[in-house]
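[1] could you work out the structure for the sequence below:
(one chain, ligands or ions: 1)
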Amino acid sequence: MRLIVCEHYDELSDRAAEIIAEVVKNKPDAILGLATGSTPIGAYQRLCEMNRKGEIDFSRITTFNLDEYYPISPENDQSYRYFMNVNLFDHINIDKSATHVPKGDAADPEAECRRYEAMLDRSAGIDIQLLGIGQNGHIGFNEPDRDLVTVTHVTSLTDSTIDANSRFFAKREDVPTKALTMGMASIAKAKTVLLLASGKSKREAVSRLLDETVTTDCPATLLKLHPDLILICDKDAMPE
Ligand code: F6R
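    Next comes the predicted model:
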C-alpha cells in the first residue's frame, strides 16, 4: 500500500485529481472506476477545471460507477447518476453513453447486477478505481458482514449508512433501503485502487486499514490484498 498523508482536504483533492489525470493523459481510452459521496467532490472539481483548460481530454474515456441506490430514478437529485452528471459528466467532454452507473430504476435489480458485471467483464478492465470509505469501513455498498458477495449485487443498507446518508434527503424515511453495488472482487480487478479518506469520522476505519488484519467486518481491509493500492488521507483521518 502506498500511503499519502495530506495537510487538509484541498491537498487530498489535488493529489487525487493529479493521479487520475496522469492515467487519462497516459491512456486516452482509459477506463475509470468512479465513486460518489462527499469525499471525491474536490477531485472532480479539479478534473473539470483541467478539462476546461484543455489539459486533459475525456472524449475517449469510459467510466463505471461503483453503486446506485435502489429503487431510485436517474432523474432523482439524490441518485448517484444525477450526482455524477452534476459533479463531473456535465462539465467535461465525455461521451455520456460511455458513462455507466447501475440502473436504480431497473425492473429486475438482480438481472441489472448481472448485466453490469458482464459489462465490466467484457470491458478492457478498470485502470484506476476511485473509492471513498464509510465510517464503518464499507466500500461501495459492501457493508460489514460475516460473508460478502464478490460480484455486483443487490444489498440492504445498514442503519449506520442510512443515518450517514440521511443528511442528503429531506427525511430519514426517504433514504432508499437497498442499493446495487459492485462487489469487492469486481472492485479489486482494477489495476490501481485509489482510496480517499478525509475527516475525523474516518479515523477509525483508516486505523483498521493500517493494522495488519483483513476482515469482512471492515470491507476496506480487503483492499490491503490489492497489489496497487494508494491511500490518500488528510491529517484529520489519520490515526495518531
Ligand atoms: C459512494 C460509495 C460510498 C462512499 C462512502 C463514503 O459511491 O460507494 O461507499 O464512498 O460512503 O462517503 P463520503 O465520501 O460521503 O464520506
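[2] report the distance from the helix or strand bottoming out on mean pLDDT in the chain to the chain centre.
    When each helix and strand of the chain is scored by mean pLDDT, DSSP states H and E, helix 159-165 comes last, with a mean of 85. Centroid displacement of helix 159-165 relative to its chain, using Cα atoms, centre = their mean, to the nearest Å, is 17 Å.
[3] contacts for it?
    Residues from elsewhere that reach helix 159-165, judged by Cβ atoms under 8 Å, 6 or more residues apart in numbering: Gly134, Gln135, Asn136, His138, Phe141, Glu143, Leu157, Arg172, Val175, Thr177. Just so you know, the C-beta spots here come from the backbone N, C-alpha and C atoms, and that holds for glycine as well.
[4] near the ligand, list only the ones from those.
    Filtering these for proximity to the ligand by Cβ under 6 Å from any ligand atom leaves Gly134, His138.
[5] out of the contacts of helix 159-165, which are buried?
    Gly134, Asn136, His138, Phe141, Glu143, Leu157, Val175 (16 or more other Cβ atoms under 10 Å).
[6] the first one is in what secondary structure piece?
    With secondary structure defined by DSSP states H and E, Gly134 is part of neither a helix nor a strand.
[7] so how far is Asp29 from it?
    31 Å (Cβ to Cβ, to the nearest Å).
[8] the third one too?
    Applying Cβ to Cβ, one obtains 31 Å for the distance of His138 from Asp29.
[9] re the thing from before, taking the contacts of helix 159-165 one by one, which sit in helices?
    Counting by DSSP state H, no part of these is found in helices.
[10] wait, which of the contacts of helix 159-165 is closest to the ligand?
    Gly134 (4.2 Å; Cβ to the nearest ligand atom).
[11] for the protein, which residues are neighbours of the ligand?
    35-39, 66-67, 132-134, 138-140.
[12] quick one on the thing from earlier: and the furthest pair within the buried ones among the contacts of helix 159-165?
    With Cβ to Cβ as the measure, no two of these lie farther apart than Asn136 and Val175, at 15.6 Å.
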